[in-house]
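Undergrad: Give me a 3D structure for the following:
(one chain, ligands or ions: 2)
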Amino acid sequence: MRKIYVFDTTLRDGEQSPGVSLTTEEKVEIAIQLQKLGIDRIEAGFAAASPGEIESIRAVSRQVKNATLLSLARCHMKDIDAVVEALREAEDPCLHLVLATSPIHREHKLHMDKAKILETAASAIRYGRKFFSKVEFSAEDASRTEIDFLCEVTKMAIDAGACVVNLPDTVGFATPEQFGNMFKTIKSSVPGIEKIQLSTHCHDDLGMATANTLAAIANGVDQFEGTINGIGERAGNTCVEEVALALETRSDFYGAKTSLNLSEIYRTSRMVSKLTGMSVPGNKAIVGANAFAHESGIHQDGMLKNRSTYEIITPETIGASSSKLVLGKHSGRHAFKEKLIDLGYELNEEQLNIAFAKFKVLADRKKNILSEDIRALLDENMAEGPKPLTLDNIQVSYGNKTMPTAAVRIMKENGDMVEEAAVGNGSVDAVYQAIAKATGIIAELEDYTIHSVTHGTDAQGEVHVVLRQGETSASGRGVSTDVIEASAKAYLEAMNRLISRQDREKRREGNIVIY
Ligand SMILES: CC(=O)SCCNC(=O)CCNC(=O)[C@H](O)C(C)(C)COP(=O)(O)OP(=O)(O)OC[C@H]1O[C@@H](n2cnc3c(N)ncnc32)[C@H](O)[C@@H]1OP(=O)(O)O
Ligand SMILES: CC(C)C(=O)C(=O)O
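TA: Ligands and ions are numbered 1, 2, ... in the order given. Sure, this is the predicted structure:
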């Protein structure tokens, strides 16, 4: 297997993400984690940017023992001097020089012709070599540079003393085929190319950074540059984790691997996201929250039978805890049953069918079904005791300047419907007054508590009530995404218990049921 060197620029190009600015402590924390991940080369910043940046790079250099440490500089003596100062304490320092080579940059940005580019870069590399045994040269905007001139630039960098020549797709313009061919030409036409390492650095403006990096690797580059979570200037850089996992998973095709400690990827991604404040989209490859989550019944069934049906990488490989079967409206019985077992419920077939039907109704109303939702649903489903009263319909009219009004329709055990309406101090009170009128049962509301069992605006509310009639009291619990419905359910469950307790007592005395 060919080894591909990983150059991480999270602390330099990653920090160029709009809105991101890392403190020295944060840079050090990330650099320590990058070492644990096994990154070969860490670019810690752009020394000439500010005195604070020099200090940060120096602080990082004191901690980095197992990786080459770099800082970027323009082809200017004062930028190089700043890198000398920043990397003074580094164990394995490398100067990274950049100069654009494309016609657009030459004409509009640098105002230099081809000869001036070659001369400026060569003298900067030579000057840098006075202080550093390792110099990497980057031909900015290489993918939009004439191929003949790019060959000349590469030859100049080798002759001037660079040990790595990096040919970036600075604006994410390249296509994989074109980019691969560019490296093929460079490798086959530049004399002395075997003396140096070739590198690539891609941006994601057209969403092709990973594809372009892999095309470069397939065409012989030794190193790729990227950032954790793909952060960076504009649409960002190549994601280190994507390329590393692509090489690992498709080593049959690429015949190349990184030496990253892949089980540190997830932790590194979380840390970078936390410290930069750049959240990782749920559907992001490798490190997104949904990367190992399966929602639909057919997929979940496949996963339960054999994970390889729907997972080409295991979450354990990147240090994430486990695959998730997320229950939702597309889930099937297999996954639902498995979830119940996980939660410690053992249901017979009939109970399972009832619970599954209720789950589907809930899933139609709620986006995220959590363990708490399932527990609430099952506890409600399995609440023991007869149900003399069942809520059939409820309607509430509320306005901040009118008395809340509620109408309820309740089914009795014998199937008869009773219907009533009432006003109250609030919507819940109106519902309770209407239930009392419909059932003819006057009970004292001794306690009422409500809390949310899940999170978000579609969270399930759980209501507990205690009702008292004379010496007898009973509690009830109701769960729903609507607090009024949860309140009514709790009230009726307490009433049902009250009725059956009094019923039992009356039967003992030879009387009949109260209502
Ligand atoms: C593709 C990349 O990601 S490259 C890295 C980008 N990173 C950064 O820019 C790091 C942060 N930058 C900075 O702090 C500042 O831009 C500094 C300190 C580098 C320079 O600041 P200033 O001196 O104020 O110049 P400013 O940034 O406005 O303009 C850049 C100048 O450098 C020149 N320049 C650009 N690239 C290079 C280069 N590689 N080598 C030499 N000169 C260059 C430009 O032509 C321009 O020169 P001009 O003033 O003669 O027109
Ligand atoms: C400095 C170089 C490698 C760069 O960031 C780019 O070309 O995007």
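Undergrad: So residue 217 sits against residue 253, correct?
TA: No. Residue 217 lies out of contact with residue 253 (C-beta atoms under 8 Å); the separation is 10.5 Å. Heads up, the C-betas are built off the backbone N, CA and C, glycines and all.
Undergrad: So which bits of the protein are right by ligand 2?
TA: Within the chain, the positions adjacent to ligand 2 are 13, 72, 98, 138, 140, 166, 168, 170, 201, 203 by C-beta under 6 Å from any ligand atom.
Undergrad: What does the pLDDT read for the fifth one?
TA: Model confidence at residue 140, given as pLDDT, is 98.
Undergrad: and it, what does it touch?
TA: Applying C-beta atoms under 8 Å, 6 or more residues apart in numbering to residue 140 gives the contacts 98, 99, 100, 101, 102, 105, 168, 170.
Undergrad: again, 6 Å this time
TA: 98, 100, 170 (C-beta atoms under 6 Å, 6 or more residues apart in numbering).
Undergrad: same check, this time on the third one
TA: Contact analysis of residue 98 by C-beta under 6 Å, 6+ apart lists 138, 140.
Undergrad: swap in residue 339?
TA: Residue 339 sits in contact with residue 327, where contact means C-beta under 6 Å, 6+ apart.
Undergrad: can I assume it sits in a helix?
TA: Yes. Applying DSSP: H, G, I helix; E, B strand; the rest coil, one finds residue 339 inside a helix.
Undergrad: Could you list the low-pLDDT ranges of the stretch 101-250 of the chain?
TA: Applying pLDDT under 70 to the stretch 101-250 of the chain picks out no residues at all.
Undergrad: can you map out the helices along it?
TA: Assigned by DSSP state H, counting those that start in this stretch, the helices in the stretch 101-250 of the chain fall at 103-104, 114-129, 147-160, 176-189, 209-218, 240-249.
Undergrad: how about those in a markdown table, adding mean neighbour count?
TA: Below are those laid out as a markdown table (neighbours: other C-beta atoms under 10 Å):
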| stretch | mean neighbour count |
| --- | --- |
| helix 103-104 | 13 |
| helix 114-129 | 18 |
| helix 147-160 | 19 |
| helix 176-189 | 17 |
| helix 209-218 | 25 |
| helix 240-249 | 23 |
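Undergrad: closest to residue 81 out of those?
TA: Smallest distance to residue 81 across the helices of the stretch 101-250 of the chain (C-beta to C-beta): 9.3 Å, for helix 114-129.
Undergrad: that older thread, grab the two from the residues of the chain next to ligand 2 that are most spread out in space.
TA: The largest separation in the residues of the chain next to ligand 2, counting by C-beta to C-beta, is between 72 and 203 at 15.0 Å.
Undergrad: Of these two, which one has the most company?
TA: Shown here are residue 72 and residue 203; by other C-beta atoms under 10 Å, residue 203 has more neighbours (25 against 22).
Undergrad: my read: the more buried one touches residue 174, true?
TA: No. Taking contacts as C-beta atoms under 6 Å, residue 203 lies outside contact range of residue 174: 9.5 Å.
Undergrad: and residue 452, how many neighbours?
TA: Counted with other C-beta under 10 Å, residue 452 comes out at 12.
Undergrad: State the three-state secondary structure for the nearest residue to it once chain neighbours are set aside.
TA: Nearest residue to residue 452, sequence neighbours excluded (C-beta to C-beta, 6 or more residues apart in numbering): residue 459, at 4.5 Å. Judged by three-state DSSP, the three-state class of residue 459 is coil.
Undergrad: Dump the helices of the stretch 101-250 of the chain into JSON lines; add distance to residue 436 as well.
TA: Formatted as JSON lines, those follow (distance: least, C-beta to C-beta, whole Å):
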{"stretch": "helix 103-104", "distance to residue 436": "80"}
{"stretch": "helix 114-129", "distance to residue 436": "87"}
{"stretch": "helix 147-160", "distance to residue 436": "85"}
{"stretch": "helix 176-189", "distance to residue 436": "72"}
{"stretch": "helix 209-218", "distance to residue 436": "65"}
{"stretch": "helix 240-249", "distance to residue 436": "61"}
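Undergrad: Which residue lies nearest the spatial centre of this protein?
TA: Taking C-alpha atoms, centre = their mean, the centroid of the chain lies closest to residue 288, which sits 3.2 Å from it.
Undergrad: element containing the nearest residue to it once chain neighbours are set aside?
TA: Take residue 288 and drop its neighbours on the chain: the residue closest to it by C-beta to C-beta, 6+ apart is residue 282, 5.1 Å away. Counting by DSSP states H and E, no helix or strand carries residue 282.
Undergrad: and residue 282, what does it touch?
TA: Counting by C-beta under 6 Å, 6+ apart, residue 282 touches 288, 289, 290.
Undergrad: Among these, which one lies nearest to ligand 1?
TA: Nearest to ligand 1 among the contacts of residue 282: residue 288, at 25.7 Å, using C-beta to the nearest ligand atom.
Undergrad: tell me the pLDDT at the closest one?
TA: 96.
Undergrad: How is it assigned, secondary-structure-wise?
TA: Applying three-state DSSP: residue 288 is coil.
Undergrad: Next, it: phi, psi?
TA: phi -70, psi 150 (degrees, to the nearest 10).
Undergrad: what bridges to residue 475?
TA: For residue 475, the beta-bridge partners are residue 466 (DSSP bridges).
Undergrad: doesn't residue 466 make contact with it?
TA: Yes. Counting by C-beta under 6 Å, residue 466 is a contact partner of residue 475 at 4.9 Å.
Undergrad: Mind pulling up the pLDDT for residue 331?
TA: 93.
Undergrad: element containing it?
TA: Using DSSP H and E, no helix or strand contains residue 331.
Undergrad: if I look at it, how far off is residue 323?
TA: Separation of residue 331 from residue 323 (C-beta to C-beta, to the nearest Å) stands at 14 Å.
Undergrad: Check which residues of the longest helix along the chain are buried.
TA: Scanning the chain for the longest helix, with DSSP state H as the assignment, gives helix 483-509. Within helix 483-509, the residues that count as buried by 16 or more other C-beta atoms under 10 Å are 483-500, 502-503.
Undergrad: same question, stretch 262-276
TA: Going by 16+ other C-beta under 10 Å, stretch 262-276 has these buried residues: 262, 264, 265, 266, 268, 269, 270, 271, 272, 273, 275, 276.
Undergrad: go on, stretch 424-432?
TA: Residues of stretch 424-432 classed as buried under the neighbour-count rule (16+ other C-beta under 10 Å) are 424, 427, 428, 429, 430, 431, 432.
Undergrad: interface residues of the stretch 201-350 of the chain facing ligand 1?
TA: residue 233.
Undergrad: Right, I'll leave it there.
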